[in-house]
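Here is a sequence with its predicted model. Questions after.
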Amino acid sequence: MIQDVRLAKNGDKEAFSRIIKNTIDSLYKVAHGFFSDYNEIADVISNTILKAYENIKNLKDEKYFKTWIIKILINECNYIIRKNKKIVYLEDINKDIPSLENNETIDIEQCLDMLNQDLKNIVTLYYYEEFQVNEISQILRIPEGTVKSRLSRARKYLYNILKRGEECI
Amino acid sequence: MNEEKIDDIIRKKLNNSIQVPNKIYDDVDKVLDSIKDQKVKHFKKNKILKIVATVLIVSIVGVTGYATINNNILKKLNIGKNDTNVEEISDEVLRLIENDSAKIEINKLVADDSYLILEYNVEIKEKLMNDYEKIQAMNGENTYLENVVKVKSQYYDDIELERTSEVEQLVEKTSDNTFSIYQTLMIADVNLPTEFNLDIEFENLDIGNSDEEHLIIGFGDFEVDTGLKNSIKVQQGEANTIESETDIIEEVNATDKVGEKVEIFVNLDKARENSKVSNVNKNLKINNNQTLKVLEYRETPITNFIKMEIVSTNVNSEDLINNTEKNPLNIILDIQDENGNSLNHKELKNTSYLKVKEGEDNPLDGEILEIDDSLDFKGATIKSEYIFALNDLPDDISKIKIVPLLITDEEENNDNTKWYPLKDGKYSFKNNVGGEIKVNEIKVNDNKLSFYYDKVGCMPQQGAELIIRANEEKYGYNRVFTSIYEKNSKIKNSYISGVYFNSIAYHQIADERIDLEDIIKNDIDNVEFSFRITSKINVLDEKGIEIDVK
């Protein structure tokens, strides 16, 4: 992979194709954390790939390719959301972790959808993509302490949901 | 159940929940095919202009009793001017946030039209002392408190002040388990009413600066009783403590709250009585498409600042892609004395907005949004807004001029860099317009490097940066870039000193952050430095716009 990234930096389009194909699943899962509509997901992934190709020569360290392209993807998702959503209701901003009725059970994908975007990003990067806290901090440009506190909240929430469903514990 | 096991369960469950559809592979193939057929477009933006002024200042000093906001504190925060009298505009606040693990006493708020500064004390309680001492031992004496309470976001009425990423803070240790914290919010870019309510949200205390051993004290799981005048009493609840080292998650009575909010009433009357506003409104036509406007020079009790903008018309996306002279992002504004010597300033704002012509088919529908790489446009207007703080102007200066410069070339991979051993002496570094950095003295002590230098002629602070390199084999890399961080930014006797945990040098990638203290102690003979001249400079209008500052 690192060799291919190096080649891609020097303009090798085949090498670029190979590294992108290796990261499609990751790109899809992260984008899925932002959008449910397939067309939107496909659009942001396309834009991300084009932008990555335009800028790959500026990537300083080949081993951080994945971190780098995920960062581009998230910027792209945020851009689309910002463009499409001109009014942000305060309730949306303040909603962090939704509350559930005592006996209510939902599946894990539903409960992911109910998280606000900040927590959803953390969950996606940490659990799906297995990035470390310091890497998430770099990707989302937030302090590590914030990543940890959000992760802690999301973990507790997801764990409680799973416990309620008694699906896997 | 420990954290690791919980993570495994969640991860397993989540990984089964998303199936990647086959269609995406076909769609990506189409994109990759189109790349093979296309000529690549490159957006070249001026990196210097995109530096974000996010600074975390942590100072650990032994102080008897609690400190209070004064000129020294402002100097440490790198925001105050010499004749500041912050006592005049500081208000007692007196709020208390408390749980089983820690107590936060908010003491003072200092506010004017440039900054809001909050002062509060933190006490780690007995219940947490065992964990706290463990973390302290793991992180070492000087590194046990990294970022403290977050001022997460603020609103007044319907205007949003999101300042999380720009918070600068100073932490002073006042005893074994107490700290005084000063947090600043730059507000020079918003027009606030004289009176307003400020909501501040305390999210967590974060103790320990290594990745593995953190102690986080959350403040989100508490009910607030606002019934008491001048104080907020917090109902006791279970503390949310996490210690990664031993993978402990305490069971908590989690509610849905994020952080603890306090509301503080702010009145800017006194600060405004002690401020002086000069509406400058002078224009300079840089060329047919670009105009520099100096809007306002304001002296507030805390900071002197100048507001400027450059309006660039008829810009096409190709101007950015091909980095033509019409690329407004390549213009930098140099603050100079009457004789053309560059003066130091602190950039508080540098943001560009793009407005596409009405009626054009464009992706922005005529809206003004922050510039984004993905735009494709013709005939657009770009407005770049600047706010610079000018806190350390020499005493004998009565006029300054704002001179637009064009950066025509970046020499990031300059192999001609001449490296010097880190030894005291005199060194000179010149740019292409004769501007010079004269290093007069280099001091090395146990944990800090200081470079004392003068600047002569046109030497904008974005035009040169200090670089240091160490033993590649030993430290895994051979070059470390630093921004010029001018704590004392007078023309004469300027110096750079490290405040990032005893380290002047840091790398963009945290994992590769250099341990300067270790190098200084053990390997100082192998360290070399240089001032890299980052750009070729073209002075667009030598006269610039002149304004009175006395």
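Here it is on my side, so go on.

ok, now how distant is the residue of chain A found nearest chain B from residue A:152?
The nearest approach of chain A to chain B comes at residue A:145, 3.2 Å away (Cβ to the nearest Cβ). Quick note: C-beta positions are derived from backbone N, CA and C, even for glycine. Look at residue A:145 and residue A:152: by Cβ to Cβ, to the nearest Å, they are 11 Å apart.

so how far is residue A:140 from the spatially most central residue of chain A?
By Cα atoms, centre = their mean, the mean C-alpha position of chain A lies nearest to residue A:30, the distance being 3.5 Å. Applying Cβ to Cβ, the value for residue A:30 to residue A:140 is 11 Å.

Stretch B:399-419 - what's its average pLDDT?
Taken as a whole, stretch B:399-419 has a mean pLDDT of 75.

For it, measure first residue to last.
End-to-end distance for stretch B:399-419: 37 Å, by Cα to Cα, to the nearest Å.

do stretch B:330-344 as well
19 Å.

Can you give me the buried ones in that stretch?
By 16 or more other Cβ atoms under 10 Å in any protein chain shown, the buried positions in stretch B:330-344 come out as B:330-337, B:340-344.

biggest separation within those, which pair?
Using Cβ to Cβ, the pair of the buried residues of stretch B:330-344 lying farthest apart is B:330 and B:337, separated by 24.3 Å.

And the nearest residue to residue A:159 once chain neighbours are set aside, how close does it get to residue B:170?
Leaving aside its sequence neighbours, residue A:159 sits nearest to residue B:6 (Cβ to Cβ, 6 or more residues apart in numbering or on different chains; 5.1 Å). Separation of residue B:6 from residue B:170 (Cβ to Cβ): 36 Å.

One more: residue B:311?
According to Cβ to Cβ, residue B:311 and residue B:170 sit 37 Å apart.

more crowded one of the two?
Neighbour count, other Cβ atoms under 10 Å in any protein chain shown: between residue B:311 and residue B:170, residue B:170 has more, with 24 against 18.

before we move on, which element is that one in?
Taking DSSP states H and E as the definition, residue B:170 sits inside strand B:168-175.

Then residue A:18?
Counting by DSSP H and E, residue A:18 is found in helix A:13-32.

After that helix, which helix or strand is next? Please name it.
Counting by DSSP H and E, the next helix or strand C-terminal to helix A:13-32 is helix A:38-55.

burial count for residue A:149?
Look at residue A:149: counted by other Cβ under 10 Å, it has 27 neighbours.

hang on, I meant residue A:59
What residue A:59 shows, counting by other Cβ under 10 Å, is a neighbour count of 18.

helix, strand or coil for the residue lying closest to it once chain neighbours are set aside?
Nearest residue to residue A:59 in three dimensions, chain neighbours excluded: residue A:68, at 5.6 Å (Cβ to Cβ, 6+ apart). Put simply, residue A:68 is helix when judged by DSSP: H, G, I helix; E, B strand; the rest coil.

How about stretch A:62-76, which residues are buried there?
A:62, A:64-76.

what's the overlap in contacts for residue A:30 and residue A:140?
A:74, A:125 (Cβ atoms under 8 Å, 6 or more residues apart in numbering or on different chains).

beta partners for residue B:331?
Residues in a beta bridge with residue B:331, per DSSP bridges, are residue B:406.

List the contacts of it.
Listed by Cβ under 8 Å, 6+ apart, the contact set of residue B:331 reads B:286, B:290, B:310, B:384, B:404-407, B:540.

Kindly recompute the last result at 10 Å.
Contact analysis of residue B:331 by Cβ atoms under 10 Å, 6 or more residues apart in numbering or on different chains lists B:46, B:49, B:286, B:290, B:292, B:310, B:312, B:325, B:384, B:404-407, B:538, B:540.

now the helices for the stretch 1-150 of chain B?
In the stretch 1-150 of chain B, the helices defined using DSSP state H, counting those that start in this stretch lie at B:3-15, B:22-37, B:71-76, B:129-139.

Would you mind giving these as CSV with mean neighbour count and mean pLDDT added?
What follows is the helices of the stretch 1-150 of chain B, written out as CSV (neighbours: other Cβ atoms under 10 Å in any protein chain shown; pLDDT from 0 to 100):
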stretch, mean neighbour count, mean pLDDT
helix B:3-15, 16, 80
helix B:22-37, 14, 85
helix B:71-76, 17, 77
helix B:129-139, 17, 65
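
In CSV, list those helices along with distance to residue B:529.
Listed next are the helices of the stretch 1-150 of chain B as CSV, based on distance: least, Cβ to Cβ, whole Å:
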stretch, distance to residue B:529
helix B:3-15, 43
helix B:22-37, 42
helix B:71-76, 25
helix B:129-139, 29
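
Tell me how far the residue nearest to the centre of chain A lies from residue B:26.
Note on residue A:30: its distance to residue B:26, by Cβ to Cβ, is 20 Å.

What of residue B:76?
58 Å.

likewise residue B:283?
55 Å.

Over to residue B:16?
For residue B:16, the distance to residue B:26 (Cβ to Cβ) stands at 24 Å.

What is the neighbour count of the residue lying closest to residue B:108 once chain neighbours are set aside?
Sequence neighbours aside, residue B:119 is the residue nearest to residue B:108 in space, at 4.2 Å (criterion: Cβ to Cβ, 6+ apart). If you count neighbours by other Cβ under 10 Å, residue B:119 ends up with 22.

from memory residue B:119 sits against residue B:94, does it?
No: using Cβ atoms under 10 Å, residue B:119 is not in contact with residue B:94; the gap is 11.3 Å.

Touching both of these two, which residues are there?
Both residue B:119 and residue B:94 are contacted by B:105-108, under the criterion Cβ under 10 Å, 6+ apart.

Going by neighbour count, which of those residues comes out on top?
Neighbour counts for the shared contacts of residue B:119 and residue B:94 peak at residue B:106, which has 23 neighbours (criterion: other Cβ under 10 Å).
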